[in-house]
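*Asks:* The sequence and its predicted three-dimensional model are supplied below.
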Amino acid sequence: MKVFTTSFTLASATRTEISDVTPLVTAAIGPFGVSTGLALINTLHTTCALFINEFQSALVEDLQALIERLVPDRNGYRHDDPRVSDCERGNARAHLRAALLGRTVALGVNHGDLTLGQFQSVIFAELDGPRRREISIQVIGE
Amino acid sequence: MKVFTTSFTLASATRTEISDVTPLVTAAIGPFGVSTGLALINTLHTTCALFINEFQSALVEDLQALIERLVPDRNGYRHDDPRVSDCERGNARAHLRAALLGRTVALGVNHGDLTLGQFQSVIFAELDGPRRREISIQVIGE
Amino acid sequence: MKVFTTSFTLASATRTEISDVTPLVTAAIGPFGVSTGLALINTLHTTCALFINEFQSALVEDLQALIERLVPDRNGYRHDDPRVSDCERGNARAHLRAALLGRTVALGVNHGDLTLGQFQSVIFAELDGPRRREISIQVIGE
């Protein structure tokens, strides 16, 4: 059994951008040749999210509407107040939305494939773009 | 150190059904005889959830009320609109509730037992039943 | 490759208390001398949370305001009703807030360090204090 570590980057063009990164994850871990094990995928940032769901465009719109309803763009956030915070981007909403969606995906690897169900994708949500992001991966197995 | 993979299935009788699957997880990993390691438990579906909390019937009702309040059954979801989506079940609510509750449990294994606290259970929430679901498990340890 | 298990405890002085436990995690796993692998960090309790975000005091206030808005202190919770529940603390809010924030952190270990981004901290949220809590850690690697 061995442990492998890698990463990939992802750039966004707009403020909120939700994308299916399953092919990027698969491509990143493929060269390790792990048949059975597990893969841990983490964003290295605090204003984006990583999770598993169905990647369908209509559902992605619903998901975006949900987090915008639960965490409005502006809501008197202290983090966005220049009198008490040195944050220049006014991005409290992105931190809080990330807290609700999660930022880690942990999956099994079986027969060389990620143990994803038929309708499951690894989804990355940029919540404070445009930015370039780094996603860290560890794979343990044999 | 070795890695083991297994799964179990779970059937529901109603639309929303929240159950304590700790005994099913324990039974599934027991035969591997791992004394120290970790266990990764994932649903292979996008309209159900898997998480850890106290399994008490009154609290389960509160949890169900919470997700129904945050994600109403009908809310103009695009995923449920036959004009833009080919989803036949109108189950956007289930996808969105799953996004809030999570769908992965990762636990240590210590002295052969899952590292669960006194009041912790592994809880499975069927959010779009009745259906049969598959839960995937990886165990790494020695 | 080896697997190590440890834990640390944390005491709170007030009901809700959000703290940066990154130094405690780092100190707990340091002695294992793992260079490459992964670390799994779990609370053993159901009324507190463990997650990753930026630890900035203004943002912590925003996060607390968010969970108090989504899960009010009192909301007719069944868990808090002595007629149907034997819970003496009336802490349904803490269980439900924990369900939204999560209670597991899984991180890579690379060159002996946790794979945390520049603004990422491991954050522990006591939601039903004051209490003493135990946090369980597994490290797998070489």
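*Replies:* Nice, thanks for sending it over. Numbers count the residues shown, from 1 in each chain, chains lettered A, B, ... in the order given.
*Asks:* tell me the pLDDT at residue A:68?
*Replies:* pLDDT recorded at residue A:68 is 98.
*Asks:* Next one: it relative to chain B, how far apart?
*Replies:* 12 Å (CB to the nearest CB, to the nearest Å). (Glycine included, C-beta is placed from N, CA and C.)
*Asks:* For that residue, which three-state class applies?
*Replies:* helix (DSSP: H, G, I helix; E, B strand; the rest coil).
*Asks:* How about the contacts made by it?
*Replies:* Listed by CB atoms under 8 Å, 6 or more residues apart in numbering or on different chains, residue A:68 has no contact partners.
*Asks:* if I look at it, how far off is chain C?
*Replies:* 13 Å.
*Asks:* Also residue A:140?
*Replies:* 6 Å.
*Asks:* Test my guess that that residue contacts residue B:37.
*Replies:* No: applying CB atoms under 8 Å as the test, residue A:140 and residue B:37 come out as separate, 10.6 Å apart.
*Asks:* neighbour count winner among these two?
*Replies:* residue A:140 (29 against 26; other CB atoms under 10 Å in any protein chain shown).
*Asks:* Return the set of buried residues in whichever strand or helix holds that one.
*Replies:* Following DSSP states H and E, one finds residue A:140 within strand A:132-141. Of all the residues in strand A:132-141, those buried under the rule 16 or more other CB atoms under 10 Å in any protein chain shown are A:133, A:135-141.
*Asks:* Please enumerate the shared neighbours of residue A:140 and residue B:37.
*Replies:* Common neighbours of residue A:140 and residue B:37 are listed as B:140, C:140 (criterion: CB under 8 Å, 6+ apart).
*Asks:* so which of the buried residues of strand A:132-141 also contact chain B?
*Replies:* Contacts with chain B within the buried residues of strand A:132-141, as defined by CB under 8 Å from any CB of the partner chain: A:140-141.
*Asks:* Can you add pLDDT and give the buried residues of strand A:132-141 back as TSV?
*Replies:* Shown next, in TSV, are these (pLDDT from 0 to 100):
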residue	pLDDT
A:133	98
A:135	98
A:136	98
A:137	98
A:138	98
A:139	98
A:140	97
A:141	97
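*Asks:* Could you give the number of residues near residue A:13?
*Replies:* Neighbourhood size, residue A:13 [other CB under 10 Å]: 8.
*Asks:* wait, it sits on residue A:131?
*Replies:* No: at 10.1 Å, residue A:13 does not count as touching residue A:131 under the criterion of CB under 8 Å.
*Asks:* for the residue nearest in space to the middle of chain A, which residues make a bridge with it?
*Replies:* Chain A has residue A:50 as the residue nearest its centroid, 2.1 Å off, counting by CA atoms, centre = their mean. Beta-bridge pairing of residue A:50 under DSSP bridges involves residue A:124.
*Asks:* rewinding a little: what are the pairing partners of the strand holding residue A:140, and which direction each?
*Replies:* Here strand A:132-141 is paired, per DSSP bridges, with strand A:2-11 (antiparallel), strand A:37-43 (antiparallel).
*Asks:* who's in contact with the residue in chain A that chain B sits nearest to?
*Replies:* Here chain A gets closest to chain B at one residue, residue A:117, 3.3 Å apart by CB to the nearest CB. Taking CB under 8 Å, 6+ apart, we find residue A:117 in contact with B:43-46, B:134.
*Asks:* Turn the residues you listed into CSV, columns for pLDDT and distance to residue B:77.
*Replies:* Below are the contacts of residue A:117 laid out as CSV (pLDDT from 0 to 100; distance: CB to CB, whole Å):
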residue, pLDDT, distance to residue B:77
B:43, 97, 21
B:44, 97, 23
B:45, 97, 18
B:46, 97, 14
B:134, 97, 26
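*Asks:* of all those, which two lie farthest apart?
*Replies:* The span of the contacts of residue A:117, defined through CB to CB, is set by B:46 and B:134 at 12.5 Å.
*Asks:* ok, back up a step: can you list the strands paired with strand A:132-141 in TSV and add distance to residue A:83?
*Replies:* Shown next, in TSV, are the strands paired with strand A:132-141 (distance: least, CB to CB, whole Å):
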stretch	distance to residue A:83
strand A:2-11	33
strand A:37-43	30
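*Asks:* quick one, which of the ones you listed is packed in tightest?
*Replies:* Of all those, strand A:37-43 carries the top mean neighbour count, a mean of 27, counting by mean count of other CB atoms under 10 Å in any protein chain shown.
*Asks:* Can you show me the CA trace of that strand as PDB?
*Replies:* C-alpha atoms of strand A:37-43 as PDB (Å, rounded to 0.1, in the frame of the first residue of the first chain):
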ATOM      1  CA  GLY A  37      -8.100   2.500  -1.800                       C
ATOM      2  CA  LEU A  38      -9.500   5.900  -1.100                       C
ATOM      3  CA  ALA A  39      -9.100   9.400  -2.500                       C
ATOM      4  CA  LEU A  40      -9.300  12.600  -0.500                       C
ATOM      5  CA  ILE A  41     -10.000  15.900  -2.400                       C
ATOM      6  CA  ASN A  42      -9.700  19.200  -0.700                       C
ATOM      7  CA  THR A  43      -9.800  22.800  -1.800                       C
END
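*Asks:* which residues touch that strand?
*Replies:* So strand A:37-43 is contacted by A:1, A:25, A:29, A:49-50, A:103-109, A:114, A:122, A:124, A:133-142, B:3, B:40, B:138, B:140, C:38, C:106-108, C:115, C:117 (CB under 8 Å, 6+ apart).
*Asks:* rerun that using 7 Å as the cut-off
*Replies:* With contact meaning CB atoms under 7 Å, 6 or more residues apart in numbering or on different chains, strand A:37-43 is reached by A:25, A:29, A:50, A:103-109, A:114, A:122, A:133, A:135-142, B:3, B:40, B:138, B:140, C:38, C:106-108, C:115.
*Asks:* Enumerate every residue touching the residue in chain A positioned nearest to chain C.
*Replies:* In chain A, the residue that lies nearest chain C is residue A:44 (3.3 Å; CB to the nearest CB). Applying CB under 7 Å, 6+ apart to residue A:44 gives the contacts A:134, A:136, C:115, C:117, C:120.
*Asks:* make it 6 Å
*Replies:* Residues in contact with residue A:44 (CB atoms under 6 Å, 6 or more residues apart in numbering or on different chains) are A:134, A:136, C:117.
*Asks:* With residue A:24 instead?
*Replies:* Taking CB under 6 Å, 6+ apart, one finds residue A:8 in contact with residue A:24.
*Asks:* about what we covered before: my read: the residue nearest to the centre of chain A touches residue A:107, true?
*Replies:* No: between residue A:50 and residue A:107 there is no contact under CB atoms under 6 Å: 11.4 Å.
*Asks:* any common contacting residues for the two?
*Replies:* Residues touching both residue A:50 and residue A:107 by CB under 6 Å, 6+ apart: none at all.
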